[in-house]
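A.B. asks: Okay, sequence plus prediction incoming.
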Amino acid sequence: MLLTTLIKDLEFVKLKGDLSIDVSGIAYDSREVANNGVFVAMPGFKMDGHDFIQQAIDMGANTIIIEKDLYIEDNITVLKVTDSRKALARIASNFYNKPTEKLNMVGITGTNGKTSITYFIKSIFDHVNKSTGLIGTIGTMIDNKIMQNKNTTPESLNLQAIFNNMLKVNTENCIMEVSSHSLSLNRVAYCEFNTGIFTNLTPDHLELHKNMEEYFNAKAELFEMTRDYNIINADDEYGRRLIERVKNYDAKLVTYGIENEADIYATDIFYSVEFTKYTLNTPKGSIEITVNIPGIIYVYNSLAAIACAYCNGIDLNDIQKGIKELKSIKGRFEVVYTDQDYKIIVDFAHTEDGLEKTLTTIKPFAKGRIILVFGVYAAPGEKGRGKRRAMGKVAAKYSDFAVVTSDNPKEQDPNLIIQEIVEAIKEENGKHIAIVDRKEAIKYAIGISNKDDIILIAGKGHETSQVIGKEEIPFNETEIVTEIIKTSREMKIS
Ligand SMILES: CC(=O)N[C@H]1[C@@H](OP(=O)(O)OP(=O)(O)OC[C@H]2O[C@@H](n3ccc(=O)[nH]c3=O)[C@H](O)[C@@H]2O)O[C@H](CO)[C@@H](O)[C@@H]1O[C@H](C)C(=O)N[C@@H](C)C(=O)N[C@H](CCC(=O)O)C(=O)O
Ligand SMILES: Nc1ncnc2c1ncn2[C@@H]1O[C@H](COP(=O)(O)OP(=O)(O)OP(=O)(O)O)[C@@H](O)[C@H]1O
């Protein structure tokens, strides 16, 4: 591709070199630069791409995009921009010929619920044979094949490549999670969204966003990028603020909820431990909905998905069938073992709100105790500490016994994280034990449980590894539970 074509609509200052050269591709990591490629130097959280320019040139880069004042000796083209991450998004979209203009793009943002909503929407779209790809925490799904992502919302270059791959196999709809990081760090800049969905906002990721206000403003940016519909949870405090903000935007506002007045809403909700039934009310009529994942959380998440399907012109009968056809989502209230009334559930609850809602979903149906196994992943500083305290208090309040363990401690001391959670549990007089090794913690919980107890293993959900120090260790909770139960049975028999 000609460099002039690649940099169309990019604002830059040319520091040196020729613009009428051919470029072979783009890289933001010096180790991945191809011969005659463009290297975009980005300052990061740990390193700075500007320190790797020489390596990029040695790898064959013929063009460098920088945001810092630097003198580069080699005989190459150098462009200076004000924000290299944004510049990367611009040229990545150009490189793949603006793929989002050719897809029906649905972006979902909010603290919790994004992944589940992508799966609900896909299930409805599948039911009416709409070819659909997904991008999110569990991975990227193209042509029903899943590949893992490094990030929930990948870097712009990777993202644009994914959109392009979707188009190559004739995908028409792209349903994606849009994290606040991706909005703040311009990963989704120059994406055109048809629909935006807002779920809820509760404390999380405050290590990046200084406070809730900044976190909210980051999420709200998505709704300035939508063309057709803004779908917003009317029962969430921040959702209501967003509704006021977007009322006069061009995209049509569609609200959903249970408690407050909304366009798409649920009534007559019947909860059971295996499913939920409710009456769906829309401007086009009402219908009964069965959701196979229990709890109020999935009433909200299914309503968001239904609002999206409704805006896409899908008939209520098809919506009903599409929701019912989704049997489970990996690591989202996933029953990994059940033996009459005894259950072991794996759930990705990793925020105070998610943990509270998951525990309160179980509560009415637990004939015995709720035994919770959980930890809190490494988040730096005071903000990280606040999360440990908040989740410790929720554990004490809503479970009968907590086995406090490691999540992804990364380079932090797991004992310290656990100690801070335990202090909060003690303040609420919660029954607990601390076991640093997560597998041992699960074993302990299974060992002390009785017939009517429900064990909730929270925090890691679909993940298949644990990050301890710099090491990523295989850790598949479903397999671990199965193995522990099998071994304990064998011991009983012998
Ligand atoms: C904190 C954060 O967001 N980090 C993201 C960031 O990395 P970084 O800026 O820290 O990278 P860095 O290591 O400092 O390197 C800076 C630059 O030097 C370059 N480099 C580095 C070394 C080298 O030899 N050569 C070279 O060119 C790097 O490629 C990079 O361009 O940019 C990378 C590329 O886009 C991201 O993959 C990375 O996400 C990391 C893995 C991460 O953990 N992010 C989390 C916090 C995150 O983004 N989460 C959200 C939300 C999840 C949720 O919903 O809860 C997500 O969307 O995933
Ligand atoms: N609507 C909701 N309200 C509160 N908690 C929720 C809601 N939906 C899901 N959760 C909780 O959050 C966990 C993660 O859900 P999900 O993966 O759908 O959210 P997410 O927004 O994609 O999160 P992340 O991007 O961090 O993966 C669930 O396992 C559940 O415990």
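C.D. replies: In hand now; what should we look at? Ligands and ions are numbered 1, 2, ... in the order given.

A.B. asks: Just the C-alphas of stretch 62-69, formatted as PDB.
C.D. replies: Only the C-alpha atoms of stretch 62-69 are listed here, as PDB (Å, rounded to 0.1, in the frame of the first residue of the first chain):
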ATOM      1  CA  ASN A  62      10.900   2.400   6.300                       C
ATOM      2  CA  THR A  63       8.500   4.700   8.200                       C
ATOM      3  CA  ILE A  64       8.400   5.600  11.900                       C
ATOM      4  CA  ILE A  65       5.500   7.400  13.500                       C
ATOM      5  CA  ILE A  66       6.400   9.200  16.800                       C
ATOM      6  CA  GLU A  67       4.700  11.500  19.300                       C
ATOM      7  CA  LYS A  68       7.900  12.600  21.100                       C
ATOM      8  CA  ASP A  69      10.600  15.000  19.700                       C
END
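
A.B. asks: what's it in contact with?
C.D. replies: The contact list for stretch 62-69 (Cβ atoms under 8 Å, 6 or more residues apart in numbering) reads 3, 12, 17, 21, 23, 36-43, 50, 53, 56-57, 72, 76-84, 87-88, 91. Bear in mind the C-beta positions are built from the backbone N, C-alpha and C, glycine included.

A.B. asks: and ligand 1, which of the residues you listed contact it?
C.D. replies: Restricting the contacts of stretch 62-69 to those touching ligand 1 (Cβ under 6 Å from any ligand atom) yields Met42.

A.B. asks: Show me which of the contacts of stretch 62-69 are buried.
C.D. replies: Neighbour-count burial (16 or more other Cβ atoms under 10 Å) applied to these gives 3, 12, 17, 23, 37-42, 50, 53, 56-57, 72, 76-81, 83-84, 87-88, 91.

A.B. asks: Filter those down to the ones in helices?
C.D. replies: Leu3, Ile53, Ala56, Ile57, Ser84, Ala87, Leu88, Ile91 (DSSP state H).

A.B. asks: Report pLDDT for the closest residue to the third one other than its chain neighbours.
C.D. replies: Okay, so that is Ala56. Among residues not flanking Ala56 along the chain, Phe39 sits closest, at 3.7 Å (Cβ to Cβ, 6 or more residues apart in numbering). For Phe39, the pLDDT comes out at 98.

A.B. asks: isn't Phe39 right up against Val33?
C.D. replies: Yes. Phe39 is within contact range of Val33, at 5.1 Å (criterion: Cβ atoms under 8 Å).

A.B. asks: So for the two, which residues contact both of them?
C.D. replies: Common contacts of Phe39 and Val33 (Cβ under 8 Å, 6+ apart): Ala27, Ala56, Ala61.

A.B. asks: Specify which member of these is nearest to Met225.
C.D. replies: Nearest to Met225 among these: Ala27, at 25.5 Å, using Cβ to Cβ.

A.B. asks: Just give the closest residue to that closest one, not the sequence neighbours.
C.D. replies: Nearest residue to Ala27, sequence neighbours excluded (Cβ to Cβ, 6+ apart): Val33, at 4.5 Å.

A.B. asks: Could you give the number of residues near that neighbour?
C.D. replies: Val33: 25 surrounding residues under other Cβ atoms under 10 Å.

A.B. asks: got the residues of the stretch 1-150 of the chain near ligand 2?
C.D. replies: Residues of the stretch 1-150 of the chain found near ligand 2 (Cβ under 6 Å from any ligand atom) are Asn112, Gly113, Lys114, Thr115, Ser116, Thr137.

A.B. asks: neighbour-wise, which of these leads?
C.D. replies: Neighbour counts for these, by other Cβ under 10 Å, peak at Gly113, which reaches 27 neighbours.

A.B. asks: Enumerate every residue touching that residue.
C.D. replies: By Cβ under 8 Å, 6+ apart, Gly113 lies in contact with Thr199, Asn200, Ile297, Tyr300, Asn301, Ala304.

A.B. asks: let's go with 10 Å and repeat that
C.D. replies: Residues in contact with Gly113 (Cβ atoms under 10 Å, 6 or more residues apart in numbering) are 120, 177, 197-200, 233, 297-298, 300-302, 304-305, 332, 354, 357.

A.B. asks: and ligand 1, which of the residues you listed contact it?
C.D. replies: Okay, of the contacts of Gly113, nothing touches ligand 1 (Cβ under 6 Å from any ligand atom).

A.B. asks: Give me the pLDDT for the closest residue to ligand 1 within the stretch 351-494 of the chain.
C.D. replies: Here the stretch 351-494 of the chain gets closest to ligand 1 at one residue, Thr351, 9.0 Å apart by Cβ to the nearest ligand atom. For Thr351, the pLDDT comes out at 90.
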